[in-house]
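# Quick one: sequence plus predicted model below, questions after.
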Amino acid sequence: MNEIWWQTKGEGNCHLVLLHGWGLNAQVWDCITPELSAHFTLHLVDLPGFGRSRGFGAMSLTEMAERIQMHAPEKAIWLGWSLGGLVASQVALTSPQRVQALVTVASSPCFCADGDWPGIKPEVLSGFQQQLSEDFQRTVERFLALQTMGTESARQDARRLKSAVLALPMPEVEVLNGGLDILKESDLREPLAGLSVPFLRIYGYLDGLVPRKVIPLLDAAWPASESLTIQKAAHAPFISHPAEFCQALLALKARL
């Protein structure tokens with residue numbers, strides 16, 4: 001049986017599971033793990049098929065959430081960035097008793113634009129899928145560059161993301177395509193409206209992949225959830241604004 005790469009560090013009395021985004025791995029969290037490990041027991045995960053979790057094919061959102069849960073502590077805050085936000089949300093929907101709180105970061109319950117719903121145009125994601133088979137590494141690098149555009153530290157932030165990718169073997173094209181399928185097809189807007197666990201959504205004001213127009217729409221649709229917008233951040237607020245990001249998590253922990 002293929003194994004999920006899972007690392008536990010820190011000695012805090014509260015467990016925090018961190019799920020990365022598309023094309024990446026748990027090394028993206030390196031800039032905040034020293035701060036967070038002083039307050040939480042951290043669970044760093046490479047999603048199936050990504051990073052050091054090798055040997056997995058493409059998975060559905062439900063399959064990915066089920067596979068990750070097999071390694072998780074009985075009760076934890078689940079934090080997911082971008083694609084990881086969908087996985088963490090699916091865990092909260094299927095196993096709310098194991099979720100102390102849900103935190104989504106630069107994530108959307110529905111990444112694709114749909115009628116009046118703001119998001120990524122479906123043809124853009126389809127274009128990425130086609131380009132993956134033609135120029136695999138360049139396509140991933142383009143996607144990473146999109147995530148930091150507009151921030152004061154964009155070039156430095158993009159280098160951090162790229163170094164996390166290049167530090168480990170690249171995921172298989174099949175796995176990357178499967179992740180894009182999840183982004184294209186998932187719509188958790190209605191299911192998450194009934195979520196019973198504490199729910200914090202963190203956004204970057206300059207995010208080009210999850211437009212800030214989704215924030216008031218979800219504030220209205222999910223009144224029990226809470227949103228925080230980091231003004232000068234884009235799609236990777238924990239890299240561009242680590243202090244503000246960690247402060248938000250510590251404030252959440254204090255409220256639980």
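Looks like it came in fine. Residues are numbered from 1 along each chain as shown.

# Okay, P73 and L44: tell me how far apart.
Counting by CB to CB, to the nearest Å, the gap from P73 to L44 is 13 Å. (Glycine included, C-beta is placed from N, CA and C.)

# Comparing those two, which shows the higher neighbour count?
Neighbours were counted for P73 and for L44 using other CB atoms under 10 Å; L44 has more, 24 against 13.

# in this protein, what secondary structure element scores lowest on mean pLDDT?
Scoring the helices and strands of the chain by mean pLDDT, DSSP states H and E places helix 136-148 at the bottom, with a mean of 82.

# just checking, next helix/strand downstream of that helix?
Using DSSP states H and E, the helix or strand that follows helix 136-148 in sequence is helix 154-166.

# Name the surrounding residues that touch that next one.
Residues from elsewhere that reach helix 154-166 (CB atoms under 8 Å, 6 or more residues apart in numbering): 23-25, 27-28, 30-31, 140-141, 144-145, 147-148, 151, 234, 236, 239-240.

# so after that helix, what's the next helix or strand?
helix 173-185.

# mean confidence for that following helix?
Taken as a whole, helix 173-185 has a mean pLDDT of 94.

# Residues contacting that helix, please?
For helix 173-185, the surrounding residues in contact (CB under 8 Å, 6+ apart) are 22-23, 48-50, 56-61, 64, 83, 86, 111-112, 120, 122, 125-126, 128-129, 132-133, 136, 140.

# where does the chain have low pLDDT?
Filtered on pLDDT under 70, the chain yields the residue ranges 1.

# Would you mind measuring from R138 to Q7?
In terms of CB to CB, R138 sits 30 Å off from Q7.

# Just the buried ones from the contacts of helix 173-185, in ChimeraX syntax?
Restricted to buried positions by 16 or more other CB atoms under 10 Å, the ChimeraX selection for the contacts of helix 173-185 reads:
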select :22,23,48,49,50,56,58,59,61,64,83,86,111,112,120,125,128,129,132,140
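
# from the contacts of helix 173-185, which ones fall inside helices?
Under the assignment DSSP state H, the contacts of helix 173-185 contribute 61, 64, 83, 86, 122, 125-126, 128-129, 132-133, 136, 140 to helices.

# what are the bridge partners for the residue nearest in space to the middle of the chain, then?
In the chain, the centroid-proximal residue (CA atoms, centre = their mean) is W81; its distance is 1.7 Å. With DSSP bridges as the criterion, W81 is bridged to V105.

# ok, the closest residue to N25 other than its chain neighbours to G150 distance?
Among residues not flanking N25 along the chain, G51 sits closest, at 2.8 Å (CB to CB, 6 or more residues apart in numbering). G51 is 27 Å from G150, where distance means CB to CB.

# K121 too?
According to CB to CB, K121 and G150 sit 18 Å apart.

# Tell me which of those two has more neighbours.
Between K121 and G150, G150 has the larger neighbour count (other CB under 10 Å), namely 16 against 10.

# what's near enough to touch that one?
The contact partners of G150, taken as CB under 8 Å, 6+ apart, are L206, G208, A234.

# So L102 belongs to a strand, correct?
Yes. Under DSSP: H, G, I helix; E, B strand; the rest coil, L102 sits within a strand.

# Hmm, P109 is touching D187, no?
Yes. Using CB atoms under 8 Å as the test, P109 is close enough to D187 to be in contact (6.6 Å).

# Now list the buried members of the contacts of helix 154-166.
Buried by 16+ other CB under 10 Å: 23-25, 27-28, 31, 140-141, 144, 147-148, 151, 234, 236, 239-240, out of these.
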